[in-house]
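Enquirer: coords please:
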Amino acid sequence: MTPTLKQTTGPQFTRILSYGAARGEVAVPNEDLIGPIDSSDEWIRQRTGIVTRTRAVAETSATDLAAAAAAEAIERSGIPADQIDLVIAATISNSRQTPSMSAVVADRVGANPAAAYDSNAACAGFAYGVAQADALIRAGAAHYAVVIGAEKLSDVVDPTDRSISFLLGDGAGAVVIGPSETPGIGPTVWGSDGSKADAVGMNATLTEFRDGASGWPTLRQDGPVVFRWAVWEMVKVARQAIEAAGIEVSDLAAFIPHQANMRIIDEFAKQLKLPESVVIGRDIETTGNTSAASIPLATHRLLQEHPELSGGLALQIGFGAGLVFGAQVVVLP
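Expert: You can find the predicted model right below:
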């Protein structure tokens, strides 16, 4: 007779315990970027809401930013680093295909030998990571997790590209997720639409670069396609996440969308009919679009500026290359 395998189970609920953040060291104003794209400060502000963006110096890698953000999140959580047994890094800009950013970060922050893996879901990467950490802890596969969104997008920018180059910044945001006596992370609404894979992404492959068929691969986007998709389709996803959490829009304390474009954020707020009481993350104005890092960076800033949000409900939604999307309602630490 075949013996019955034992199964693990974890806590019924999880929550976010803390946030950490790291931004590139250099503030890059619009004036520094307008020459190669034949544009103006006014045009960039009107189109995107960005006044300046943070970028890292050459010596700082995306992994460095990730480790700094993770270290702050762990310190703020009060959980000893050696009790972190899962590290998930969401990134599209690790300068090496392997080893993973997450394994290096786990070792740097004192969480060795935590399970560690990288996730590539672009600007939805952080929401994906939160969903995975929540599920894995509740399944008993981990006890405490660090989820990081980390990008050094200045490594994959063509300064002459008018479609996306002026949007992008560098930074990392991280959270510690652990057991909770009450629900702290709502159901995740997530998915993809690979039929629109050409709307935003790299303009070449590494093998094409190796073979001399292209220059260094950089990010490109079809702005109008991405804008329409974000505004019309992602508002539906945001509403689904609110409904899945069993709450009303009026129950939200904060709305923290991916920091893609201020016009998209404003349109979101209008279509969701957010009450005046809901604080909206607008970190894009001074940080830029940092892909997987943008939601935790925006949340970290909101909690610094509005400590009264602690314990309130926040709707977060990420969307980007793939195309992929993910949203959930969380209780702010």
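Enquirer: Could you use CA atoms for every contact and neighbour count after this?
Expert: OK.
Enquirer: residue boundaries of the helices in the stretch 51-200 of the chain?
Expert: Listed from the start of the chain, the stretch 51-200 of the chain has helices (DSSP state H, counting those that start in this stretch) covering 62-77, 101-108, 125-138.
Enquirer: With mean pLDDT and distance to residue 296 added, can I get these in JSON lines?
Expert: Supplementary listing: those in JSON lines, determined by pLDDT from 0 to 100; distance: least, Cα to Cα, whole Å:
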{"stretch": "helix 62-77", "mean pLDDT": "98", "distance to residue 296": "10"}
{"stretch": "helix 101-108", "mean pLDDT": "98", "distance to residue 296": "17"}
{"stretch": "helix 125-138", "mean pLDDT": "98", "distance to residue 296": "8"}
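Enquirer: Now that we have those, can you turn them into JSON lines and tack on mean neighbour count?
Expert: Shown next, in JSON lines, are those (neighbours: other Cα atoms under 10 Å):
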{"stretch": "helix 62-77", "mean neighbour count": "24"}
{"stretch": "helix 101-108", "mean neighbour count": "23"}
{"stretch": "helix 125-138", "mean neighbour count": "25"}
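Enquirer: Turn those into CSV, columns for distance to residue 42.
Expert: Formatted as CSV, those follow (distance: least, Cα to Cα, whole Å):
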stretch, distance to residue 42
helix 62-77, 30
helix 101-108, 37
helix 125-138, 31
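Enquirer: quick one: which of those helices is nearest residue 49?
Expert: When those are ranked by proximity to residue 49, the top entry is helix 125-138, at 22.4 Å, counting by Cα to Cα.
Enquirer: list the helices and strands the closest one packs on?
Expert: Other elements packing on helix 125-138 under the criterion 3 or more Cα pairs under 8 Å, 6 or more residues apart in numbering; DSSP states H and E are strand 13-23, strand 86-90, strand 145-152, strand 170-180, strand 313-320, strand 324-331.
Enquirer: Of those strands, which is nearest residue 213?
Expert: Closest to residue 213 of the helices and strands packed on helix 125-138, according to Cα to Cα: strand 145-152, at 24.6 Å.
Enquirer: and the angle from that closest one to helix 125-138?
Expert: Note on geometry: by axes from the mean of the first three to the mean of the last three Cα atoms, to 10 degrees, strand 145-152 and helix 125-138 are set 160 degrees apart in direction.
Enquirer: tally of neighbours for the residue lying closest to residue 114 once chain neighbours are set aside?
Expert: Spatial nearest neighbour of residue 114, excluding adjacent residues (Cα to Cα, 6 or more residues apart in numbering): residue 85 at 4.0 Å. The local packing count at residue 85 equals 20, with neighbours defined by other Cα atoms under 10 Å.
Enquirer: Surely residue 85 is in contact with residue 113?
Expert: Yes. Taking contact to mean Cα atoms under 8 Å, the distance of 7.2 Å between residue 85 and residue 113 places them in contact.
Enquirer: Pretty sure residue 299 sits in a strand.
Expert: No. Going by DSSP: H, G, I helix; E, B strand; the rest coil, the assignment for residue 299 is helix, not a strand.
Enquirer: just to revisit the earlier point, for the residue nearest to residue 114, give me its contacts.
Expert: By Cα atoms under 8 Å, 6 or more residues apart in numbering, the contact set of residue 85 is 111-115, 142-145.
Enquirer: Try it again at 7 Å.
Expert: Listed by Cα atoms under 7 Å, 6 or more residues apart in numbering, the contact partners of residue 85 are 111, 114-115, 142-145.
Enquirer: Also residue 71?
Expert: With contact taken as Cα under 7 Å, 6+ apart, residue 71 is in contact with residue 109.
Enquirer: what's around residue 306, how many residues?
Expert: Should you count by other Cα under 10 Å, residue 306 turns out to have 11 residues around it.
Enquirer: still on that earlier bit, of all the helices and strands packed on helix 125-138, which one is nearest residue 218?
Expert: When these are ranked by proximity to residue 218, the top entry is strand 145-152, at 12.2 Å, counting by Cα to Cα.
Enquirer: separation between the closest residue to residue 257 other than its chain neighbours and residue 223?
Expert: Nearest in space to residue 257, with sequence neighbours left out and distances taken as Cα to Cα, 6+ apart, is residue 317 at 4.8 Å. Going from residue 317 to residue 223 by Cα to Cα, to the nearest Å gives 19 Å.
Enquirer: centroid residue for the chain?
Expert: Most central in the chain under Cα atoms, centre = their mean is residue 292, positioned 2.9 Å from the mean C-alpha point.
Enquirer: these two touch, right, that one and residue 127?
Expert: No. With the criterion set as Cα atoms under 7 Å, residue 292 and residue 127 do not qualify as a contacting pair; they are 8.5 Å apart.
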